[in-house]
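Asks: Model the following, please.
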Amino acid sequence: MLTAETTELLLSTFRGRHDHVAYQPAGQTFRPLKLNGPVPVDKFIERHTNGNCCGFYLLTEQSKVNCTAIDIDNHDSNRPEAIQEGQKFQQFLLESGFPSYLERSWSGTGVHVWVFFDEPIDATEARIFATGAVNDFELEAIEIYPRQAKLTTEKPLGNLIRYPLAGKSVFLNPDLTEAEPIAFMKGIQKVTKAQLEAKCWWNTAEQSERSMSDVGAYETAGMPSRVLALMEVPEGELLLKRWMGDVSGMSGQRSRSDICFALCTEMIRNYVPTPEVEAALRYWCAQNSYEKGLTRPQWISDTVRYAYGNLKPQGRKDVVTSDRLGVLLHSAIESVVSGEDRLITTGIKGLNDSLGGGLDRGELVIVAGRPSQGKTMTAWHMLDSAAKEGTTGAFISLEMTENQIMTRHLQRLTDIPKSEWRNPDVAKQLHEIADTDIASKAPIYFSRGGNQTLTDVVNEIRHYAEKGATLIAVDYIELILGKGSDFDRVSESIKVLAQLAKELDVALVVLAQLRRQDPRIRGVVIPQMGDLRTSGMIEQSADTIIACVWPNQVDPDNYPKEVYQLVLLKNRNRGILEQKIPVKFLPERQTLVG
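Replies: Sure thing, here's the model as predicted:
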């Protein structure tokens, strides 16, 4: 049931043209309604429930959009895994650094993958982004909204899309569980123009989509003159051969469907706009009585899209020219020289030295340990030590409460035994100690939330990064919720977090469990990377892996409580000076010395 609060948030989140809305009474088709002001909330609720539905026109009067949606649906029962495909595509976008959000569609059989922009952008740019992402992921048979790049006299309002939360539409978490609408919409992160410009999706799509911004420049009826002119010049020689049915040199099958694919490829290679490619293909099909192209419009669109995919560049897309290379080389030198400004202390000299100076921003650092081996204490020690040197930090706890963490922190600040803390005079002294501590260092933000999904954690990390945190810890990765096996959940989480550290340029410290030591083995066993649970993906994605070893917990007869060791298992970018770093652990003070 829609509430006023949910509706107001829905209308402010899914925004398009302000002077029109679309309305579809139950059992009828959509029709546009002109507005004289904001959408009345009570009227919207009435017209968006009980089989009725409202939609919005994505393009503003200036042909700009605030969001884009990729529609993956199971219209003809030929795509039973449509929602799961959408889930994987969302994961791809997250790994590429773009916040994206899932909505189960009106029919309940498909999904919309939404991306929101922090300012209105040209519809052309939105389509370039969405088309490039779809083809990079090799997603087939979908619809991209907006479906046009510019308003025309024939379509002055452009295409509409349904507002969510009608019919069987619900918001979905990344694990496909139903999301609470208000929290979902309030947590939406928007993509900036700079993020879009920094990501070089495949250039051929961009050339074609950009040509669509000039609506009057293409012909969609009959044979486009641009294509005819192309076949009269050397660049169009191969296009002409294929048009005449010459299949010489074609690999694989040589059916009429393959000829159509080849025609599209050649037109796209020569920057023929998408509408004219489709028009020319329809004309060829009519000339050659090819029924598939005459009776199935979606086949025309699909053939063109597959041709785009055939031309997208493979591998890395960032091309470095010789002059740019010089700039990058000098920049790298300066980065090394001024590395102390980027490196963040761990608070442990031996570990800093072994790491090459400390933790670096943009890196994923795993702090691993068997149960009760001091992982949380080690991560908090890093945050607190860095804060004393001016580094803003954040700690996202999925396990321990605020009170538990703060009690440990108080132990770090004072040697007054905990047994005396209830004394009023001691309590007053503790407050003074806390005030002095807070005033003497950079802030450390703290949040505690159980039952958090990967999207929740990613949103929190982004939130703290925006507040200036450059060292952020997550305790711990196995507690991040998701569907599938432990391996699937952790693999998905670790890939996204590794990408996020690079995107936000923060040192991201993630705690992880090591397998328990075999009870049949006596003595202390130094951990290896293979001891990590679901070790494959963690080992592959992490830049640095630090294992915590507290021998007293395994062999108290031979090791006093103060003996502690950090084992540097991996340091991808700066090598390892010493693998085993002995430190002194003071349990009563919850601190490390060394």
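Asks: Apart from its chain neighbours, what residue comes closest to the residue nearest in space to the middle of the chain?
Replies: By CA atoms, centre = their mean, the chain has its centre lying nearest to Leu94, at 1.6 Å. The spatial neighbour of Leu94 that comes closest, neighbours along the chain excluded (CB to CB, 6 or more residues apart in numbering), is Val496 at 5.1 Å. C-beta coordinates here come from the backbone N, C-alpha and C atoms, glycine included.
Asks: what's the neighbour count on that neighbour?
Replies: The local packing of Val496 (other CB atoms under 10 Å) involves 22 other residues.
Asks: Repeat that for Asn403.
Replies: Asn403 has 9 neighbours, counted by other CB under 10 Å.
Asks: Could you do Pro424 as well?
Replies: 7.
Asks: who's in contact with His48?
Replies: When the contact criterion is CB atoms under 8 Å, 6 or more residues apart in numbering, the partners of His48 are Leu2, Thr7, Cys54, Tyr163, Leu165, Ala166.
Asks: ok, back up a step: check which helix or strand the residue nearest to Leu94 maps to.
Replies: Using DSSP states H and E, Val496 falls within helix 486-504.
Asks: Which strands and helices lie in contact with that helix?
Replies: Identification of packing neighbours for helix 486-504 by 3 or more CB pairs under 8 Å, 6 or more residues apart in numbering; DSSP states H and E yields helix 82-95, strand 364-369, helix 454-466, strand 507-513, helix 535-541.
Asks: 6 Å - rerun?
Replies: For helix 486-504, the elements it packs on are helix 82-95, strand 507-513, helix 535-541, judged by 3 or more CB pairs under 6 Å, 6 or more residues apart in numbering; DSSP states H and E.
Asks: buried residues in it?
Replies: Residues of helix 486-504 classed as buried by neighbour count (16 or more other CB atoms under 10 Å): 489-501, 503-504.
Asks: just stretch 16-35 next, same as before
Replies: For stretch 16-35, a neighbour-count test (16+ other CB under 10 Å) marks Gly16, Arg17, His20, Val21, Ala22, Tyr23, Gln24, Pro32 as buried.
Asks: Name the nearest of these relative to Ile83.
Replies: Among the buried residues of stretch 16-35, Gln24 lies closest to Ile83 (CB to CB), at 22.8 Å.
Asks: Now do the strand ranked longest in the chain and helix 82-95, the angle between them.
Replies: Using DSSP state E, we find that the single longest strand of the chain is strand 111-122. If you take axes from the mean of the first three to the mean of the last three CA atoms, to 10 degrees, strand 111-122 sits at 40 degrees to helix 82-95.
Asks: Quick one: the strands in the stretch 101-250 of the chain, in order.
Replies: Counting by DSSP state E, counting those that start in this stretch, the stretch 101-250 of the chain has strands at residues 101-104, 111-122, 143-145, 160-162, 170-172.
Asks: For Phe89, which of those is the nearest?
Replies: Relative to Phe89, the nearest member of the strands of the stretch 101-250 of the chain by CB to CB is strand 111-122, separated by 5.5 Å.
Asks: Can you point out the buried residues in the closest one?
Replies: For strand 111-122, the neighbour count (16+ other CB under 10 Å) marks Val111, His112, Val113, Trp114, Val115, Phe116, Phe117, Pro120, Ile121, Asp122 as buried.
Asks: Let me have the residues you listed in CSV, adding distance to Asn552 as columns.
Replies: CSV is the format used below for these (distance: CB to CB, whole Å):
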residue, distance to Asn552
Val111, 51
His112, 54
Val113, 50
Trp114, 52
Val115, 51
Phe116, 51
Phe117, 54
Pro120, 60
Ile121, 58
Asp122, 63
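Asks: now the chain, which segments are flagged as low pLDDT?
Replies: The model of the chain has pLDDT under 70 over residues 75-78, 141, 197-218, 249-253, 309-341, 449-451, 484, 516-525, 533-536.
Asks: Domain parsing of it, as residue ranges.
Replies: Domains of the chain are assigned by automatic domain parsing as 4-201, 215-311, 360-546.
Asks: could I get those domains as JSON lines with distance to Arg572?
Replies: Output for the domains of the chain, formatted as JSON lines (distance: least, CB to CB, whole Å):
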{"stretch": "domain 4-201", "distance to Arg572": "18"}
{"stretch": "domain 215-311", "distance to Arg572": "33"}
{"stretch": "domain 360-546", "distance to Arg572": "5"}
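Asks: out of those domains, nearest to Lys584?
Replies: Nearest of the domains of the chain to Lys584, taken as CB to CB: domain 360-546 at 12.0 Å.
Asks: Any idea how far that closest one is from the middle of the chain?
Replies: The gap between where domain 360-546 is centred and where its chain is centred comes out at 21 Å by CA atoms, centre = their mean, to the nearest Å.
Asks: ends of it, how far apart?
Replies: Domain 360-546 stretches 14 Å from its first residue to its last (CA to CA, to the nearest Å).
Asks: In the stretch 51-200 of the chain, what residue spans correspond to helices?
Replies: Using DSSP state H, counting those that start in this stretch, the helices of the stretch 51-200 of the chain run over 82-95, 123-137, 181-186, 193-198.
Asks: looking at those helices, which is buried most?
Replies: Across the helices of the stretch 51-200 of the chain, the average number of neighbours (mean count of other CB atoms under 10 Å) peaks for helix 123-137, which reaches a mean of 23.
Asks: export that helix as PDB, just CAs?
Replies: Provided in PDB are the C-alpha atoms of helix 123-137 (Å, rounded to 0.1, in the frame of the first residue of the first chain):
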ATOM      1  CA  ALA A 123      19.600  11.800 -23.300                       C
ATOM      2  CA  THR A 124      22.300  11.000 -25.900                       C
ATOM      3  CA  GLU A 125      24.900  10.700 -23.100                       C
ATOM      4  CA  ALA A 126      22.600   8.500 -21.100                       C
ATOM      5  CA  ARG A 127      22.100   6.200 -24.000                       C
ATOM      6  CA  ILE A 128      25.800   6.100 -24.800                       C
ATOM      7  CA  PHE A 129      26.400   5.000 -21.200                       C
ATOM      8  CA  ALA A 130      23.600   2.400 -21.100                       C
ATOM      9  CA  THR A 131      24.400   1.000 -24.500                       C
ATOM     10  CA  GLY A 132      28.100   0.700 -23.800                       C
ATOM     11  CA  ALA A 133      27.400  -1.000 -20.500                       C
ATOM     12  CA  VAL A 134      24.900  -3.400 -22.000                       C
ATOM     13  CA  ASN A 135      27.300  -4.400 -24.800                       C
ATOM     14  CA  ASP A 136      30.300  -4.600 -22.500                       C
ATOM     15  CA  PHE A 137      28.300  -7.100 -20.500                       C
END
